[in-house]
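[1] What shape does this take:
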Amino acid sequence: MNNENSLAKPFKVEFSSKQRKVGSYNKNIIYVWPTEDGWNDFKYKTHGLFVVKLEDDQVISGNILIAVQDQSENDDISYSGLGNQITSISDKNEKADFFFSLLPSIGEYRNIVRDVGVPMASKILNSLNDLVYTNEQEKDAHWLEAAQNSEVFQKSFMRNSEPFFAFYNAGDILKGLDFENLDYISNTLNLKFKLDGFLNEHELELRFGNSDLVPKRINILIGENGLGKSQSLNHFVRAALQQRQYIDELIDPTSESKRPMISRLLAIGTPGETTNTYPTDSIKNPKLHYRRLLLTRNSRSKASRTVGKSIIQLARMDDSISNLERWDIFIEAISSTLPIDKLKVPLEKAFEGRKSVSLKKLRSGWNEERRLQIWSNIADNAEPTIAGQDGEYPLSSGQLSFFKFALLACLHIENGSFVLLDEPETHLHPSMISDFITLLDNILERTGSYALIATHSTYFVREVAREQVHVFKRFNNDEIQILNPRLKTFGANIGDISHFVFDEDYGNSLSQKVITRANIENLSYKDIKKKYGSILPTEMLQNIKVELVSQ
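    Okay, the predicted model is just below:
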């Protein structure tokens, strides 16, 4: 079945009820058919696949959302999904009056531009009456307004977050990959929810930014246990997924529709925190691309993909964000925190005398044949090692967390993603937290993404500005307050942060014991300083001095 408007387009478009055999593709014809999963969005079956064979025999294919004008004898224009009408359209005597389409993610637009270039991609999308192309190149098209006001567009095309994100942001990509913007994601989000045990609601005002000198890509949630930090992450996920009872909890107050502009959601944590914090990602047809991932050593858990398998998957991926390949984003990120030139990947069997290969050369160090042989020789449970003078030794728990986080993030992140982390300080020495933030921020910067971290560690707090820090406090026993600290936290002293964030006095049980004994023995501050000055920090001595003076 040929679209009747196809004569004015670069390619003809033919619909069928199922995929044609590969050898039956004619050149310069775009074949489109509905998916076979039967999924519908409020009755509309718009999900499909397309393929086109070009003059040079290159075959381009991808996913597509496609709506077809209903067959009607009256003058009212209405549309339904291709899957709804495929039976009548496939009839030799029937033709679709009109159709329009949308690729379902920003990555699909990037792929087609990367594979065939801007001119050919434009011809294909023009022929498919693609909404992003038409909005960019033919804004006066007579059908455009009616298509965007149609029920099928609102209820199916715009139902899920990835096509929503693509519709509003993929236009830059049609000018070339170098034009892709990395500032599409919502900079302002308000999260509001009610927990049992608290009289008032939790209210978070999350503010982000990509362009400032001081990084504002990360927000921190910190406070005592039992105040709702992890539950904030849980509600963020559920609201972003638009689960029924959570739909209005997360909004972008700067948007007319209040709908957050988020492309993907990655929830990352250690096993206990992840299992208890984040909802499962085994959701059928979610409204947002969502993955729950674990930063453990190799395990059988589905959520904890083995390191070796993930390395191979990333090395094989011919995919980019903007004009930077995912593998290069990964290598660049870990280079800031790990000795990249010494990192090795063990082989299952020795290859050409090697028991391991350089991670840095894994993707581009050999010709294609040898590279495939090496990839096939990496065990699923292989973990990277560090080359030393006396051989190779394994990464520490902290280093492995760095490595696996960067690996999983670069596998799954997309332009405009939110990364959620619950207590990432697990296995990290405080001195490594700054390096982890650097690693995280590098990935966020390269992908136009943001992060939200729930933590108990004040070492995370000193890595961001105070506007990005949200302190959870109990008020009147059964009320919750979430406040920004008064202290300028970026680069601040850890002791000062503890005092301002947690309202902690520098004294502890030891200082109170010293004060009690000083009172009993009638000792002055000078006596205490002389006796304990070599073992007590200055802050604690000051606290003891204030306490004694005030008595």
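
[2] What is the least confident helix or strand in this structure?
    One helix or strand of the chain scores below all others by mean pLDDT, DSSP states H and E: helix 271-277, with a mean of 66.

[3] Could you pull up the contacting residues of the spatially most central residue of the chain?
    Taking C-alpha atoms, centre = their mean, the centroid of the chain lies closest to S417, which sits 3.3 Å from it. For S417, the set of contacting residues under the criterion of C-beta atoms under 8 Å, 6 or more residues apart in numbering consists of 185, 262-266, 447, 449-450. Where you see a C-beta, it was placed from the backbone N, CA and C, and this is true even at glycine.

[4] just V237 next, same as before
    Applying C-beta under 8 Å, 6+ apart, we find V237 in contact with 265, 267, 278-279, 290, 420.

[5] Look up which helix or strand T87 falls in, please.
    Assigned by DSSP states H and E, T87 belongs to helix 82-90.

[6] for A239, that is, sorry about that
    Under the assignment here (DSSP H and E), A239 is part of helix 229-240.

[7] Send me that helix as CSV with only the CA atoms.
    As requested, C-alpha coordinates have been extracted for helix 229-240 and formatted as CSV (Å, rounded to 0.1, in the frame of the first residue of the first chain):
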residue,chain,number,x,y,z
LYS,A,229,16.1,10.3,52.4
SER,A,230,15.9,6.9,50.7
GLN,A,231,12.1,7.2,50.4
SER,A,232,12.7,10.5,48.5
LEU,A,233,14.6,8.5,45.9
ASN,A,234,11.8,5.9,45.8
HIS,A,235,9.2,8.5,45.3
PHE,A,236,11.3,10.3,42.7
VAL,A,237,11.4,7.1,40.7
ARG,A,238,7.7,6.3,41.0
ALA,A,239,6.7,9.8,40.2
ALA,A,240,9.0,10.0,37.2
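
[8] what's the neighbour count on the nearest residue to V214 once chain neighbours are set aside?
    Here the nearest residue to V214 in space, its sequence neighbours aside, is A465; by C-beta to C-beta, 6 or more residues apart in numbering that works out to 5.3 Å. Other residues within reach of A465 by the criterion other C-beta atoms under 10 Å amount to 18.

[9] now A465: how far from P485?
    10 Å (C-beta to C-beta, to the nearest Å).

[10] same check, this time on L338
    If you measure L338 against P485 using C-beta to C-beta, the figure is 32 Å.

[11] Going by neighbour count, list what's buried in the helix or strand encompassing S310.
    Using DSSP H and E, S310 sits in helix 307-316. By neighbour count, with 16 or more other C-beta atoms under 10 Å as the criterion, the buried positions of helix 307-316 are 307-308, 310-312, 314-315.

[12] May I have the beta-bridge partners of S80?
    Beta bridges link S80 to V68, judged by DSSP bridges.

[13] Please give me every residue in contact with it.
    43-45, 67-68, 70, 152.

[14] which one of those residues has the most neighbours?
    The member of those surrounded by the most neighbours (other C-beta under 10 Å) is A67, with 29 neighbours in all.

[15] That residue and L128, how far apart?
    According to C-beta to C-beta, A67 stands 11 Å off from L128.

[16] Between those two, which contacts overlap?
    With contacts taken as C-beta under 8 Å, 6+ apart, A67 and L128 have S101 as neighbours in common.

[17] Just list what the helix or strand following the helix holding T87 packs against, helices and strands only.
    On the C-terminal side of helix 82-90, the closest following helix or strand by DSSP H and E is strand 99-102. Contacts of strand 99-102 with other secondary structure elements, assessed using 3 or more C-beta pairs under 8 Å, 6 or more residues apart in numbering; DSSP states H and E, are made with strand 59-69, helix 131-137, helix 161-169.

[18] Surely V152 and A67 touch.
    Yes: look at V152 against A67 with C-beta atoms under 8 Å: they come within range, at 4.5 Å.

[19] E55: neighbour count?
    When neighbours are defined as other C-beta under 10 Å, E55 has 8 of them.

[20] And for K530?
    Residues contacting K530 under the criterion other C-beta under 10 Å number 11.

[21] Where does it sit: helix, strand or coil?
    Taking DSSP: H, G, I helix; E, B strand; the rest coil as the rule, one finds K530 in the helix state.

[22] For it, give me its contacts.
    Contacts for K530 (C-beta under 8 Å, 6+ apart) come out as none.

[23] one more time with 10 Å
    Taking C-beta atoms under 10 Å, 6 or more residues apart in numbering as the criterion, K530 is in contact with 523-524.

[24] gap between it and E521?
    13 Å.

[25] Rounded mean pLDDT for the helix holding T87, please.
    For helix 82-90, the mean per-residue pLDDT is 78.

[26] Mind checking what helix or strand follows the helix holding A239 in sequence?
    Beyond helix 229-240 on the C-terminal side, the first helix or strand identified by DSSP H and E is strand 250-251.

[27] which one of the buried residues of helix 307-316 sits closest to S376?
    Minimum separation from S376 among the buried residues of helix 307-316 (C-beta to C-beta) is found for I312, which lies at 8.5 Å.

[28] which non-adjacent residue is nearest Q313?
    Leaving aside its chain neighbours, Q313 sits nearest to L411 (6.3 Å; criterion: C-beta to C-beta, 6+ apart).

[29] quick one: average pLDDT of the host helix or strand of the one you found?
    Using DSSP H and E, L411 falls within helix 397-412. This predicted structure assigns helix 397-412 an average pLDDT of 91.

[30] which other helices and strands contact it?
    Judged by 3 or more C-beta pairs under 10 Å, 6 or more residues apart in numbering; DSSP states H and E, the packing partners of helix 397-412 are strand 264-269, strand 289-294, helix 307-316, helix 326-335, strand 417-422, helix 430-447.

[31] Kindly recompute the last result at 7 Å.
    For helix 397-412, the helices and strands in contact under the criterion 3 or more C-beta pairs under 7 Å, 6 or more residues apart in numbering; DSSP states H and E are strand 264-269, helix 307-316, helix 326-335, helix 430-447.

[32] still on that earlier bit, contact partners for the residue nearest to Q313?
    310, 313-314 (C-beta atoms under 7 Å, 6 or more residues apart in numbering).

[33] how far away is G533 from T516?
    19 Å.

[34] what bits of the stretch 401-550 of the chain have low per-residue confidence?
    Counting by pLDDT under 70, the stretch 401-550 of the chain shows low-confidence ranges at 501-511, 536-537, 539-540, 549-550.

[35] try 90 this time
    Judged by pLDDT under 90, the stretch 401-550 of the chain has its weakly predicted residues at 401, 423-432, 456, 458, 466, 474-478, 485-550.

[36] State the three-state secondary structure for I386.
    Secondary structure assignment for I386 (three-state DSSP): strand.

[37] residues near the spatially closest residue to it that is not a sequence neighbour, how many?
    For I386, the nearest residue in space outside its immediate sequence neighbours is K342; the separation is 5.1 Å by C-beta to C-beta, 6+ apart. Close neighbours of K342, defined as other C-beta under 10 Å, add up to 15.

[38] K342 against A387, yeah?
    Yes: distance between K342 and A387: 4.5 Å, which falls inside the contact criterion (C-beta atoms under 7 Å).

[39] thinking L541 is in contact with Y525, fair?
    No: in terms of C-beta under 7 Å, L541 does not count as a neighbour of Y525; the distance is 8.2 Å.

[40] Between these two, which has more neighbouring residues?
    Ranked by neighbour count (other C-beta under 10 Å), L541 and Y525 place L541 first, with 19 against 16.

[41] That one falls within a helix, correct?
    Yes: counting by three-state DSSP, one finds L541 located in a helix.

[42] and the gap between it and K513?
    When distances are taken as C-beta to C-beta, L541 and K513 turn out to be 14 Å apart.
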